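Student: Here's a sequence, model it:
(2 chains)
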Number of protein chains: 2
Amino acid sequence: MTEPAGAAVTVALDGKGVERGTATLVAGARKAAADGIALRVFGDPAALAELAELPNVEVVEAPDEITNDEEPVAAVRRKADASIVRAAADVAAGNADALVSAGPTGATMTAGLFALRRISGVRRPALALQLAVPGREGPPTVMLDVGANAEARAHDLVQFAFMGAAFSRAVLGVAEPRVALLSVGEESTKGTQTVVEAHAELAGTEHLNFVGNVEGRDLLTGAADVVVTDGFTGNVTLKTLEGTAKAVATAVGQAARSNPVAMLGGLLLKPALGGLRRQMNPDNTGGAILLGLRGVTVVGHGSSGEDGIANAIRLAARAVRERAVERTAALLEEAGAMRGEPT
Amino acid sequence: MTEPAGAAVTVALDGKGVERGTATLVAGARKAAADGIALRVFGDPAALAELAELPNVEVVEAPDEITNDEEPVAAVRRKADASIVRAAADVAAGNADALVSAGPTGATMTAGLFALRRISGVRRPALALQLAVPGREGPPTVMLDVGANAEARAHDLVQFAFMGAAFSRAVLGVAEPRVALLSVGEESTKGTQTVVEAHAELAGTEHLNFVGNVEGRDLLTGAADVVVTDGFTGNVTLKTLEGTAKAVATAVGQAARSNPVAMLGGLLLKPALGGLRRQMNPDNTGGAILLGLRGVTVVGHGSSGEDGIANAIRLAARAVRERAVERTAALLEEAGAMRGEPT
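Tutor: Numbers count the residues shown, from 1 in each chain, chains lettered A, B, ... in the order given. Predicted coordinates for the structure are as follows:
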């Protein structure tokens, strides 16, 4: 790439619904804007006034908001003036290149899906998350679907495999991503009927480096570059992973406060744990990306801090710059993976 | 209970297939026998000679073995002389009260199912595992199914709920176990169609303290006493949990070896982490128990050490003493949870 990093990208940012408050959103947006990413921020102009002063940021009024309590599909249909709906429409209209929100996940996915539409032949979009391998550098493992759809057919899983591989290649720079199916054993016969069928279909394609099944214990070992599963299993798995890491970290912290010797030990050890803490911090990747659409949509982590917001915007900009959508469509086309039921 | 602990219980123990070798099995069996649990151990008399010398242990020759590479159903049908098949038949014949194996999980479950049969009206047995809450005392959370069946219907999940509640009450002493469904959100409409249907059925029963849905992040917080899911999701989740705990522990260990100050810190902190390490050790609970059968079957953890073996035997003996099977059948009967398809 010869263009200056980020010069050409404009991101439409939902200016509402951030769990930690608008000040966090403003601080995160400011960091991303400082990288040269242009922003169009939808929300309350008074709350976002500080951002409007920046040369490459425009604040657009959006009086309404969709909350976590609302049913996403009904809310997106009804609330044309909600910040996320306006931001999505802005991308569809060509005023911005990508959509980013740290508001309610369901509303973001629905607004993105309605406004940006699916790549031709894709039956379901999938939410993809990057998992860092603890204590190790190098590209993260991409897991998808982590919650866009509660159910998936075998051919949906096959499409997810191609979508994940294209993302790993385009955005993470992995030349030949190793793609695996999440199951309960390595053998091709292990798992639900859907997983067994998807395994057979994936084993038969030449357009993918399919390495077979992996198990839950392999998610953080870097055994695969892309791990494919349905949105129910993926979401439960992801939250189990986050919950376990937190529970272990909390218990270690408790132990380190249990007596003076342990406390001293904890203090001496703490600096060496900084890298691990940074790596395990969800702010590090900035959120999940919705794959399979004709545009880029990034769903920020619910509890995003300012770095989380900034990294969600950076992830969206990188996906635009690396032409992730076009490359996903091309891979699906090349592999003939869009056969199956008409959409 | 007025009887001396374990006095009346005899456990049939598979004497083969232990990953860490027969010496580990012998050491574990010796510990359990020292608690007063009578054992009938099936395997190679020469390898088990040391056990035969104990007053309450009998060694029974079983020349054959089922390995991890074999398809369990076919192998159990074909190999009448395999140690696990002989041990299961011994329980069915009334010579022993419970079956324990640390060999291949599939073979143990199949041999147990074939020999002990299901409680009348139960469509599927479920494998239940105890999860300790890190850094906290008190009864563990029971998760089921962690892998007996790859697929489950809504009514299977409802039966699992009753089976898990009966186990928590009878064996873990929780008076009114809080029973939850594993899903992707708290709302009754979240999850797969199967989960949504099971939620509705469970919400309608008065015979259970159903507390609604929990998410993956709640598994180690003690939010519920019983967490119900299908065997695919349960197995993936369990392995994710184990893998994450291990990955975090490994990364902390690496950090503690990264420089001399961190190393000293790690040494000082180590004693305080002993309780957490013991608690997170799978040997602590001894394995999973197959619920829904007319007898007790305990599946040892694949990598069981001698304490794992001993605790698997103790778990089986406790389930027999507390009449877990009879109490499970009674709860299912009382709740009318055995309607549905005839078995």
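
Student: Quick one: list the elements packing against the helix or strand of chain A with the lowest mean pLDDT.
Tutor: The least trusted helix or strand in chain A, going by mean pLDDT, DSSP states H and E, turns out to be helix A:274-280, with a mean of 79. Judged by 3 or more CB pairs under 8 Å, 6 or more residues apart in numbering or on different chains; DSSP states H and E, helix A:274-280 is in contact with helix B:231-255. All C-beta atoms are positioned from the backbone trio N, CA, C, and that covers glycine.

Student: Show me what counts as buried in the helix it packs on.
Tutor: Going by neighbour count (16 or more other CB atoms under 10 Å in any protein chain shown), the buried part of helix B:231-255 is B:231-249, B:251-252, B:254-255.

Student: Same check on stretch A:70-88?
Tutor: So for stretch A:70-88, counting by 16+ other CB under 10 Å, buried means A:70, A:72, A:75-76, A:79, A:82-88.

Student: Can you flag which of those belong to helices?
Tutor: A:72, A:75-76, A:83-88 (DSSP state H).

Student: what's the closest of those to chain B?
Tutor: A:P72 (11.7 Å; CB to the nearest CB).

Student: if I look at that closest one, how far off is A:P104?
Tutor: Counting by CB to CB, to the nearest Å, the gap from A:P72 to A:P104 is 7 Å.

Student: what does A:L220 give?
Tutor: Distance, A:L220 to A:P104, using CB to CB: 28 Å.

Student: Among the ones in helices among the buried residues of stretch A:70-88, which pair sits farthest apart?
Tutor: Distances among these were taken as CB to CB; the most separated pair is A:P72 and A:R86, at 15.7 Å.

Student: Keep only the buried residues of helix B:231-255 that also lie close to chain A.
Tutor: Applying CB under 8 Å from any CB of the partner chain to the buried residues of helix B:231-255, one finds that B:231-233, B:235-249, B:251-252, B:254-255 fall near chain A.

Student: Is chain B within reach of stretch A:298-312?
Tutor: No: counting by CB under 8 Å from any CB, chain B is not contacted by stretch A:298-312; separation bottoms out at 11.3 Å.

Student: Go ahead and name everything in contact with that stretch.
Tutor: A:18-20, A:24-25, A:27-29, A:31-32, A:98-103, A:105, A:108-109, A:127, A:281-290, A:313, A:315-316, A:319 (CB atoms under 8 Å, 6 or more residues apart in numbering or on different chains).

Student: Please pick the buried ones from the residues you listed.
Tutor: Counted by 16+ other CB under 10 Å, the contacts of stretch A:298-312 give A:18, A:20, A:24-25, A:27-29, A:31-32, A:98-103, A:105, A:108-109, A:127, A:282-290, A:313, A:315-316, A:319 as buried.

Student: quick one: common contacting residues for A:P72 and A:P104?
Tutor: Joint contacts of A:P72 and A:P104 (CB under 8 Å, 6+ apart) are A:I66.

Student: For A:V57, name its beta-bridge partners.
Tutor: A:L39 (DSSP bridges).

Student: any idea where the helices of the stretch 201-343 of chain A begin and end?
Tutor: A:231-255, A:260-269, A:274-280, A:306-321, A:324-335 (DSSP state H, counting those that start in this stretch).

Student: mean pLDDT lowest for which of those helices?
Tutor: Of all those, mean pLDDT reaches its minimum on helix A:274-280 (a mean of 79).

Student: Tell me the buried residues in stretch A:199-217?
Tutor: Quick answer for stretch A:199-217 (16+ other CB under 10 Å): A:199, A:201-202, A:205, A:208-217.

Student: Start and end of that stretch, how far apart?
Tutor: 19 Å (CA to CA, to the nearest Å).

Student: Domain boundaries for chain A, per the record?
Tutor: A:1-119+A:292-322, A:123-284 (automatic domain parsing).

Student: Mind checking those domains for the one nearest to B:L48?
Tutor: Across these, B:L48 has its closest neighbour in domain A:123-284 (29.9 Å, CB to CB).

Student: What's the mean pLDDT across stretch A:20-35?
Tutor: On average, stretch A:20-35 scores 95.

Student: Could you do stretch A:147-167 as well?
Tutor: Across stretch A:147-167, the average pLDDT comes to 94.

Student: and it, how far out from the chain's middle?
Tutor: Remark: stretch A:147-167 is offset 14 Å from the chain centroid, using CA atoms, centre = their mean, to the nearest Å.

Student: Setting the sequence-adjacent residues aside, check what's closest to A:L113.
Tutor: The spatially closest residue to A:L113, leaving aside those adjacent along the chain, is A:P125, at 6.0 Å (CB to CB, 6 or more residues apart in numbering or on different chains).

Student: how much space is there between that neighbour and B:K190?
Tutor: For A:P125 relative to B:K190 (CB to CB), the value is 18 Å.

Student: out of these two, which sits in the busier spot?
Tutor: A:P125 (25 against 18; other CB atoms under 10 Å in any protein chain shown).

Student: Just list the residues touching that one, thanks.
Tutor: A:P125 touches A:109, A:112-113, A:118, A:148, A:290-293, counting by CB under 8 Å, 6+ apart.

Student: go with 6 Å
Tutor: A:148, A:290, A:292-293 (CB atoms under 6 Å, 6 or more residues apart in numbering or on different chains).

Student: Can you name the residues of the stretch 151-300 of chain A that neighbour chain B?
Tutor: Applying CB under 6 Å from any CB of the partner chain, we find that the stretch 151-300 of chain A lies next to chain B at A:151, A:184, A:191-192, A:215-217, A:219-220, A:232-233, A:235-237, A:239-245, A:247-248, A:251, A:254-256, A:258, A:261-262, A:264-266, A:268-269, A:272-273, A:276.
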